[in-house]
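J.: For reference, the sequence and a predicted model appear below.
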Amino acid sequence: MPHEEINPGLIRVHGRQDENGMSNSSFIILDEKVAIIDTGLKGELWKEVIDVIKKNGRNPKQDLKHILLTHEHPDHFGSATELKNESGGEISAHSASAETMREPSLLVTKHFDASQGSSGLTPKLKAAFGRVTAVNPDSILVGGEKIELGLSTLTVIHTGSHCGGHVMFYDDYRRALFAGDDIVESPSNPCKYMIDLTGSAERKELVLNRLLGLKIDLLAPSHDSPSIGGSVKEQISRAIDANDVWKREVYDAVNRLGEATTDEIAGSVEEALGLDWSGDLKSVASTLTTAAYLRALSAKRRVAESDNKKSGRPLWVIR
Ligand SMILES: [Zn+2]
């Protein structure tokens with residue numbers, strides 16, 4: 001797997017690409033204490049990470065102190081236990097993430113379940129979630145913690161937007177933000193918009209807008225190339241736009257369809273945006289994201305569930 005130094009002492013390790021051209025990055029911070037942010041899919045990245053740490057003259061057993069996880073989706077914590085076993089480093093995750101990491105069956109029932117009117121998970125994705133191995137974080141984050149590495153101190157920012165336990169890490173030394181899945185650029189990647197059942201469209205809007213006020217010289221999302229300098233704000237602005245676009249399209253679709261299920265609204269949004277996703281996340285990402293915006297619009301009393309149902313599923317109308 002390739003890796004490169006994106007800033008002195010900061011190395012990005014790329015994971016395997018999936019059918020959407022999406023790969024998971026892990027970031028190694030080589031400070032007095034070594035830290036890694038995210039650990040990719042199970043069995044993938046950890047050997048490369050250990051190798052890179054050794055090639056930089058450091059001893060993983062002694063130096064790798066922190067294994068920091070942005071959130072509870074399996075492409076972000078897959079190799080955490082292997083890395084811990086190779087290093088003795090402490091695994092840290094948000095309390096909501098830790099619950100799912102310890103009990104991965106929650107990925108289906110709590111995060112991606114079909115009961116919200118969605119067409120649900122494909123059997124392949126359900127089986128893949130069923131194979132996820134539990135990880136037991138040592139340190140539980142709630143947001144606001146400072147993790148001192150040496151030159152860098154990382155501040156934990158709980159976002160709760162892409163999913164309930166999502167956090168970002170801000171490195172004050174290099175003014176770098178490790179943004180996890182709250183900022184995804186590639187239009188071919190369903191994660192660009194994705195909010196699961198535990199996440200929040202309102203939180204996403206709030207968090208992304210707050211980031212515009214933070215001094216960020218290096219933005220490091222999990223699934224995109226990092227952006228540096230002046231392009232950072234542009235990338236955040238594009239993420240804000242993507243959020244606004246989906247919200248607007250959900251409202252317009254309800255308006256257009258009159259009375260419709262979440263699935264029907266999601267299909268209409270996909271068509272309006274001309275999305276061409278493939279892979280197993282396609283329909284579930286679209287429906288769950290639409291459900292998240294329906295929750296947000298409903299809280300603002302702009303849409304509501306009608307008294308009618310279609311095949312037992314709720315129907316949404318304009319208020
Ligand atoms: Zn994710």
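T.: Received the coordinates, thanks.

J.: Quick check: which element contains the residue nearest to residue 202 when sequence neighbours are not counted?
T.: The shortest distance from residue 202 to any non-neighbouring residue, by Cβ to Cβ, 6 or more residues apart in numbering, is to residue 296 (4.9 Å). All C-beta spots, glycine's among them, are computed from the backbone N, C-alpha and C. If you go by DSSP states H and E, residue 296 is part of helix 282-299.

J.: starting at the chain centroid, how far to that helix?
T.: Centroid separation for helix 282-299 versus its chain: 16 Å, with Cα atoms, centre = their mean, to the nearest Å.

J.: Just the CA trace of that helix, in PDB.
T.: Extracted C-alpha coordinates of helix 282-299, given in PDB (Å, rounded to 0.1, in the frame of the first residue of the first chain):
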ATOM      1  CA  LYS A 282     -25.600   3.000  -2.900                       C
ATOM      2  CA  SER A 283     -29.200   2.700  -2.000                       C
ATOM      3  CA  VAL A 284     -28.700   2.600   1.800                       C
ATOM      4  CA  ALA A 285     -26.600   5.700   1.800                       C
ATOM      5  CA  SER A 286     -29.100   7.600  -0.300                       C
ATOM      6  CA  THR A 287     -32.100   6.600   1.800                       C
ATOM      7  CA  LEU A 288     -30.400   7.100   5.200                       C
ATOM      8  CA  THR A 289     -29.100  10.500   4.200                       C
ATOM      9  CA  THR A 290     -32.500  11.500   3.000                       C
ATOM     10  CA  ALA A 291     -34.000  10.200   6.300                       C
ATOM     11  CA  ALA A 292     -31.600  12.400   8.200                       C
ATOM     12  CA  TYR A 293     -32.600  15.500   6.200                       C
ATOM     13  CA  LEU A 294     -36.300  14.600   6.700                       C
ATOM     14  CA  ARG A 295     -35.700  14.500  10.500                       C
ATOM     15  CA  ALA A 296     -34.000  17.900  10.300                       C
ATOM     16  CA  LEU A 297     -36.800  19.400   8.100                       C
ATOM     17  CA  SER A 298     -39.400  17.900  10.300                       C
ATOM     18  CA  ALA A 299     -37.800  19.500  13.400                       C
END
